[in-house]
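Novice: Curious how this folds, go ahead:
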Amino acid sequence: MIPADLTPLRATPGPLPPAGTPTVARIALPPGRPITAASIGGDGVWATDEAVRSRGDLIPRLQAAFPVTGLWPMALEDRPHDDDWPRGWPSLEAGPEPRSAEEFLHHEWDMNVGPGSEYQDEWDVAFRPWPGLRTPTTPGTRAQLKDRAVRQLLDQPGRLVLVPTPRPEDVFLVLGPMAYNGRPGPRETTAVLRSWGDRYGVLPVGFSFDTMALVVRRPPRSPAEAHGAGVELKAFCSDMFTNYETKDDVTTFMTDATTWEFWWD
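Specialist: Model prediction:
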């Protein structure tokens, strides 16, 4: 399964496999090819030609090999709008380094659910006040992953993408902007993922034009940690928790949650 060791994952970005059915770190890949496009950074990515049925077995093995290969595996969801990926998605443009995760999340919280937000409704009180960024206090370096939740996430149908990157949290600097209005840009997403990686041990595992999926290796466990994490998720994606009416609802959902899935409506 997903590596539970919370040691930061780092690598030298690796070369892309050739077209065909190559082998990476003794792992046989399905048929695929290197892909470059205006929406992709660096030297491109490698992607399977078709949806892969065995991603739930393949992705954890490729994750474990990342320090050697420098290629981070991502599951591209099988969704209608992704037929044009990557050429139908926005171009990746150079820009400044992202501001800090706390500055960005606090700004988004203030704009979308804060007391002065023009979009606020009665449910937003569950996400106030702004708690600042919390770090889980549970000691130890290993997480107890709910294998069923993680397996269900990885087993969803779709293509497999290998991303050359120095760390998993930086994949969207290569994958580029997603094709949906209101979604944070690659640099803002990277700043937030780095922060969540340091504090919660998150690993990005899936994406599409309007979704992103993370595995959480150090999930929040106390009520304060769980609510604080929920506020951050709401700030990052204002469409989160649309059916959660109280602070307790959010806290219950976030406690020990080993997968975080985002959808921009």
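
Novice: Report all helices and strands that the helix or strand harbouring L153 contacts.
Specialist: If you go by DSSP states H and E, L153 is part of helix 147-154. Under the contact definition 3 or more C-beta pairs under 8 Å, 6 or more residues apart in numbering; DSSP states H and E, helix 147-154 sits against helix 55-64, strand 202-207, strand 211-216, strand 259-263. All C-beta atoms are positioned from the backbone trio N, CA, C, and that covers glycine.

Novice: CSV for these, including mean pLDDT and distance to C237?
Specialist: Supplementary listing: those in CSV, determined by pLDDT from 0 to 100; distance: least, C-beta to C-beta, whole Å:
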stretch, mean pLDDT, distance to C237
helix 55-64, 89, 23
strand 202-207, 93, 13
strand 211-216, 91, 8
strand 259-263, 91, 4
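
Novice: Rebuild those as TSV, extending it with mean neighbour count and distance to W89.
Specialist: Putting the helices and strands packed on helix 147-154 into TSV (neighbours: other C-beta atoms under 10 Å; distance: least, C-beta to C-beta, whole Å) gives the following:
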stretch	mean neighbour count	distance to W89
helix 55-64	19	21
strand 202-207	24	11
strand 211-216	24	13
strand 259-263	19	17
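
Novice: quick one: the helices in the protein?
Specialist: Residue ranges of the helices in the chain, as given by DSSP state H, are 55-64, 66-69, 101-112, 147-154, 172-175, 186-200, 223-236, 247-254.

Novice: Report the buried residues of the helix holding L153.
Specialist: Taking 16 or more other C-beta atoms under 10 Å as the neighbour-count basis, helix 147-154 is seen to contain the buried residues 149-150, 153-154.

Novice: so which pair among the residues you listed is furthest apart in space?
Specialist: With C-beta to C-beta as the measure, no two of the buried residues of helix 147-154 lie farther apart than A149 and L154, at 10.0 Å.

Novice: pretty sure G44 is touching T36, no?
Specialist: Yes. At 3.7 Å, G44 counts as touching T36 under the criterion of C-beta atoms under 8 Å.

Novice: Any stretches of the protein with poor pLDDT?
Specialist: Per-residue confidence for the chain (pLDDT under 70) gives these ranges: 1-6, 79-84, 87-88, 93-98, 116-124, 138-148, 179-181.
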